[in-house]
Structure formats: structure tokens, C-alpha cells
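Asks: sequence plus the predicted model coming up.
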Amino acid sequence: MRRRVVTLLPLLLAGATGCGPADAAPEAVSPTTVRVLVRDINIRAAGVDCAGTGPYQHFHNRASFRVLDPDGAAVASGRLPAGTAVAAVGEDLRVERVPTYCEFAVGVRVPQRTSYRLEVDGRAALDLTSDSSEGPALVAVVP
């Protein structure tokens with residue numbers, strides 16, 4: 001029995017470290033932020049933790065997500081953090097609670113692709129748009 005383990009160990013280690021071509025380099029990835037604005041239009045204080053409501057309940061803290069490439073392959077995945085309430089209107093309404101959207105932002109590392117989509121909690125994927133106005137980001141607005 002001991003001889004089999006000694007014989008199999010190098011094979012197992014070779015499989016764990018990869019037996020691909022020697023010149024195959026790992027694909028370069030870049031850090032970016034996936035930002036999702038859920039238009040649930042609730043009345044709450046801006047800046048507080050939030051989650052999607054009604055038909056958007058699948059947007060919440062710890063919901064699973066996947067960033068997909070144009071072929072549908074997952075290039076990043078994880079869990080959403082808590083959302084943050086952001087004001088839905090740009091003017092000061094002079095009240096504590098205002099109409100808000102719930103924004104989720106999560107850092108990911110993705111390879112360069114022509115486009116990306118976001119799947120949350122196994123639901124239909126949303127198109128992500130590149131936006132560099134606040135640093136590299138992929139953005140979606142949930143209707």
C-alpha cells in the first residue's frame with residue numbers, strides 16, 4: 001500500500017500544479033468595480049445600508065453574483081456587499097428621508113473582454129457598461 005501512495009504522489013502533485021504547455025502564461029486581469037444601481041425608489045436617508053425591495057429582493061447583502069464575458073463564461077464571482085442608499089434626485093429636499101436608489105459596489109478582477117454581463121442570484125444577466133468617471137468601473141442600472 002505504501003508503495004502505491006509513493007508512486008501516485010508525484011502524479012497527484014503534477015496534476016495540482018498543472019501540466020499545460022510550459023509557455024502558457026496566466027491571463028492578465030485588471031481591477032475594476034462593478035456598480036449596480038437598483039431603482040427601487042424607496043424613501044430613506046441617503047447613505048444608509050439598503051437592499052432591493054419588491055421585484056428586486058434578490059439584490060441584497062450576500063447575494064451571489066457572476067460577471068460573464070460575451071460567451072457566457074464567468075470571469076469573476078462573489079457575494080454582493082450591503083447596498084448604500086443614494087439620492088434619486090439631485091436637489092436638496094430639506095428633509096431627512098428622500099427618494100433613493102440602492103447602489104451595490106464590489107471590487108473584482110477581470111480579464112480584458114469586449115463586453116460583460118452581470119448575473120445576480122441566478123437571475124437573467126444584465127449588460128454592464130464601462131465607466132471611468134470615478135475610476136475603472138462596470139456599471140448597470142436595474143430598471
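Replies: Arrived safely. Residues are numbered from 1 along each chain as shown.

Asks: helices of this protein, start to end?
Replies: Listed in chain order, the helices of the chain (DSSP state H) span 2-17.

Asks: how about low-confidence regions in it?
Replies: The model of the chain has pLDDT under 70 over residues 1-24.

Asks: show me where it has strands.
Replies: 29-44, 49-50, 64-68, 74-79, 83-87, 98-111, 116-120, 126-131, 137-142 (DSSP state E).

Asks: which one of those strands lies nearest to Y56?
Replies: Evaluated with C-beta to C-beta, the strands of the chain place strand 29-44 nearest to Y56, the distance being 5.0 Å. (C-beta placed from N, C-alpha, C; glycine too.)

Asks: from the contact counts, what lies against the closest one?
Replies: Packed against strand 29-44 by the contact rule (3 or more C-beta pairs under 8 Å, 6 or more residues apart in numbering; DSSP states H and E) you find strand 83-87, strand 98-111, strand 116-120, strand 126-131, strand 137-142.

Asks: what about Q112, distance to R35?
Replies: As judged by C-beta to C-beta, to the nearest Å, Q112 and R35 stand 19 Å apart.

Asks: these two - which one has more neighbours?
Replies: Of the pair Q112 and R35, R35 is the one with more neighbours under other C-beta atoms under 10 Å, namely 19 against 10.

Asks: rewinding a little: would you point to the one among the helices and strands packed on strand 29-44 that's packed deepest?
Replies: Across those, the average number of neighbours (mean count of other C-beta atoms under 10 Å) peaks for strand 116-120, which reaches a mean of 21.

Asks: which residues sit against that strand?
Replies: Strand 116-120 has contacts (C-beta atoms under 8 Å, 6 or more residues apart in numbering) with 34, 36, 58-59, 63-69, 75, 80, 110, 125-128, 138, 140.

Asks: could you redo the last one with a cut-off of 7 Å?
Replies: With C-beta atoms under 7 Å, 6 or more residues apart in numbering as the test, strand 116-120 has contacts from 34, 36, 58-59, 63, 65-69, 80, 110, 125-128, 138, 140.
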